[in-house]
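[1] Just the structure for this:
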Amino acid sequence: MGTVSLATREMDMSFVTESPNEFSIPILTPILQETRNELLQLSVTGTLENPKITPVPLSAISNLLRAFFPQAARRCAEVRQE
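    Next up is the predicted model:
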């Protein structure tokens, strides 16, 4: 999911892993898929010539922590930019 601009050659995409040959267990399969998507997610940004691939660690948990600790989240973002 995401976007790629052919005019500027910039991209902002997210990827999760899926298998078309998975077996299905009615109640467990959706839970297992969501858990796997949380654990195995990648973000691809930058340009087509210089892509930046970044693993996204537990995005739902990260979002929850940011909501409860906004000051710590801002400080972490500042440190990453330095």
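
[2] What average pLDDT does the helix or strand containing residue 71 get?
    Remark: residue 71 resides in helix 70-81, with elements defined by DSSP states H and E. Per-residue pLDDT over helix 70-81 has a mean of 63.

[3] Show the low-confidence segments of the protein, by residue range.
    Applying pLDDT under 70 to the chain picks out residues 18-20, 22, 35-39, 58-66, 72-82.

[4] Could I get the full set of strands for it?
    Along the chain, counting by DSSP state E, strands occupy 2-5, 10-16, 41-47, 51-55.

[5] Now tell me what touches the third one from outside.
    What it means is strand 41-47. Contact partners of strand 41-47, identified using C-beta atoms under 8 Å, 6 or more residues apart in numbering, comprise 2, 8-16, 51-56, 59. For glycine as for every other residue, the C-beta is placed from the backbone atoms N, C-alpha and C.

[6] Next, the buried residues of it.
    In terms of neighbour count (16 or more other C-beta atoms under 10 Å), strand 41-47 has its buried residues at residue 41.

[7] Can you check what angle separates that strand from strand 51-55?
    160 degrees (axes from the mean of the first three to the mean of the last three C-alpha atoms, to 10 degrees).
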